[in-house]
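Asker: Next comes the sequence, and after it the predicted model I'd like to discuss.
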Amino acid sequence: MAGIMDGLLQYRNYGGPGHSGDYLGLDPFTLEDKNREYVLLPADALDWIFFWHDVRYSIARLKGGKAEDYRLADSQLLKDLQALDAGLISQGLAEGVRS
């Protein structure tokens, strides 16, 4: 049976549903990975936007998982994407999208 995430796109290291650096254990406050010796850094400006969205989601979970906190994280993601130069987004998507 196909899952809800099947067929959705991923971008570089942090873009896409359920795609946060391909591993778990990142502390959103210290950016340290408690399970590995390194932290997978975002690949480019667009990936940084997705990274910070993941951090905001982690903070929302730590605050109790209120819908309003997730909505604010999603709203900030949209604002950040709108502020990023469209040429950088097009270039990044051409180079970094994988399904």
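Answerer: Good, I have the coordinates. Numbering: from 1, shown residues only.

Asker: Quick check: residue 80 touching residue 49?
Answerer: Yes - in this structure, residue 80 is within contact of residue 49 by CB atoms under 8 Å, at 4.5 Å. Just so you know, the C-beta spots here come from the backbone N, C-alpha and C atoms, and that holds for glycine as well.

Asker: So which of the two has more stuff around it?
Answerer: Neighbour tally, residue 80 and residue 49, criterion other CB atoms under 10 Å: the higher count belongs to residue 49, 23 against 16.

Asker: Give me the next element, helix or strand, following the strand or helix carrying that one.
Answerer: According to DSSP states H and E, residue 49 maps onto helix 45-62. Counting by DSSP H and E, the element after helix 45-62 in chain order, helix or strand, is helix 67-83.

Asker: who does that next one touch, helix- and strand-wise?
Answerer: For helix 67-83, the packing partners by 3 or more CB pairs under 8 Å, 6 or more residues apart in numbering; DSSP states H and E come out as helix 45-62.

Asker: what's the angle between the helix it packs on and helix 67-83?
Answerer: Per axes from the mean of the first three to the mean of the last three CA atoms, to 10 degrees, the angle that helix 45-62 makes with helix 67-83 is 170 degrees.

Asker: start at 36 instead
Answerer: Will do, 36 is the new start, and the previous item becomes helix 80-97.
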